[in-house]
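this is a predicted model, with the sequence first.
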Amino acid sequence: MNSSNETAAKNGTPAVRFENVVKRFGDLEVLKGLNFSVQPGERVTLIGPSGSGKTTILRLLMTLEKITDGVIYVEGEPLSHMKRGEKLVTANESHLREVRKKIGMVFQQFNLFPNMKVLRNITEAPVHTLGKSKDEAVAKAKELLDLVGLADKADNYPSQLSGGQQQRVAIARSLAMNPDILLLDEVTSALDPELVADVLDLLKDIATTTDITMLIVTHEMGFARDVSHRVMMFDQGVIVEDGPPSQVMGDPEHERTRAFLKAVLGESKPG
Ligand SMILES: Nc1ncnc2c1ncn2[C@@H]1O[C@H](COP(=O)(O)OP(=O)(O)OP(=O)(O)O)[C@@H](O)[C@H]1O
């Protein structure tokens with residue numbers, strides 16, 4: 001367990017806490033007052049129909065979107081607060097930058113820097129955001145490339161790699177920041193089917209050999225069942241079911257969860 005997670009675990013401070021979180025895009029209320037906590041080291045999968053707000057939750061945590069109402073805490077630090085109970089105020093930029101350093105995100109579309117070689121893609125943020133020395137960042141990047149099975153691709157450009165390889169680089173890049181919290185947003189959805197298993201196996205390894213807190217959005221139900229401590233089912237901006245995978249996926253209480261699982265498992269292999 002890395003040191004911040006250890007400290008947070010000892011304090012009993014959740015890694016993530018949503019308190020009455022509302023998100024609206026214009027007239028569309030996407031999140032309708034969400035309340036939940038994720039404990040340090042916990043791996044939680046978010047499932048639910050398209051448009052139920054899963055990606056929005058991850059983007060709010062990364063501060064890629066602004067919250068409309070409520071408070072999100074990351075290791076006890078609020079990303080926003082209510083001023084005299086009336087106006088919502090976002091934390092200042094330097095505070096947000098500090099909070100963001102604790103969080104890594106891997107996106108569906110890899111989002112690698114196309115004009116940088118693989119090694120530099122991984123060292124860029126540790127050097128420029130964390131202020132690590134180049135030597136230290138390169139040593140760590142090589143270690144991570146080894147971990148993701150791409151030690152021989154350090155000098156390639158992303159366009160010279162397969163989608164699965166690019167996604168493995170993106171995973172290495174997120175780990176190079178030594179995050180306490182990792183957000184995975186449908187990381188295999190853009191891959192050709194034959195490349196999916198490699199990436200999922202790598203993530204399973206990382207999940208089971210580290211204590212990184214993970215929030216995972218995926219339609220890969222077998223993967224979700226294998227790696228998650230908890231599954232939360234969302235529908236229309238509310239949590240309809242929240243429990244261990246054996247319960248939510250094996251014996252769901254709600255009709256909406258049953259219908260969703262039937263639809264997803266009907267169109268993909270149960271894994
Ligand atoms: N920037 C935006 N502007 C306007 N509407 C948005 C924006 N981002 C998301 N939405 C809307 O918010 C709703 C929730 O989107 P979100 O991407 O969080 O859903 P999701 O559960 O992740 O869906 P999927 O499984 O299809 O990725 C959708 O109706 C979407 O169209």
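Cool, got the structure. Numbers count the residues shown, from 1 in each chain.

quick check, Ala176 in contact with Ala139.
No. Using Cβ atoms under 8 Å as the test, Ala176 is too far from Ala139 to be in contact (10.8 Å). Just so you know, the C-beta spots here come from the backbone N, C-alpha and C atoms, and that holds for glycine as well.

these two: which has the busier surroundings?
Ala176 (24 against 13; other Cβ atoms under 10 Å).

who's in contact with the more buried one?
Contact analysis of Ala176 by Cβ atoms under 8 Å, 6 or more residues apart in numbering lists 122-123, 125-126, 137, 140-141, 144.

per-residue confidence at it?
pLDDT for Ala176: 95.

how about His81?
Confidence score, pLDDT, at His81: 66.

let me have the contacts of Ala176 in TSV, adding distance to the ligand as columns.
TSV is the format used below for the contacts of Ala176 (distance: Cβ to the nearest ligand atom, whole Å):
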residue	distance to the ligand
Ile122	27
Thr123	31
Ala125	24
Pro126	29
Ala137	32
Lys140	31
Ala141	30
Leu144	27
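
for those residues, which one is nearest Leu182?
Checking the contacts of Ala176 against Leu182 by Cβ to Cβ gives Leu144 as the nearest, at 13.3 Å.

for the closest one, grab the count of nearby residues.
For Leu144, the neighbour count with other Cβ under 10 Å is 20.

quick one: what helix or strand has Leu31 in it?
Element membership for Leu31, per DSSP states H and E: strand 28-38.

which other residues reach that strand?
By Cβ under 8 Å, 6+ apart, the residues outside strand 28-38 that reach it are 14-24, 44, 53, 56-57, 60, 69-70, 213, 215, 232, 236-239, 242.

what does stretch 229-240 give?
Here stretch 229-240 makes contact (Cβ under 8 Å, 6+ apart) with 23, 29-34, 36, 42-49, 52-54, 224, 241-245, 248-249, 252, 254, 256-257, 260.

ok, is it in contact with the ligand or not?
No. If you take Cβ under 6 Å from any ligand atom as the test, stretch 229-240 misses the ligand, and the best it gets is 6.6 Å.

now do the end-to-end distance for that stretch.
17 Å (Cα to Cα, to the nearest Å).

next one: stretch 217-226
Stretch 217-226 has an end-to-end distance of 14 Å (Cα to Cα).

buried ones in it?
Residues of stretch 217-226 classed as buried: 217-218, 220-221, 223-225 (neighbour count, 16 or more other Cβ atoms under 10 Å).

reformat those residues as JSON lines; add pLDDT.
Below are the buried residues of stretch 217-226 laid out as JSON lines (pLDDT from 0 to 100):
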{"residue": "Val217", "pLDDT": "96"}
{"residue": "Thr218", "pLDDT": "94"}
{"residue": "Glu220", "pLDDT": "92"}
{"residue": "Met221", "pLDDT": "92"}
{"residue": "Phe223", "pLDDT": "94"}
{"residue": "Ala224", "pLDDT": "94"}
{"residue": "Arg225", "pLDDT": "94"}
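
good, we can wrap up now.
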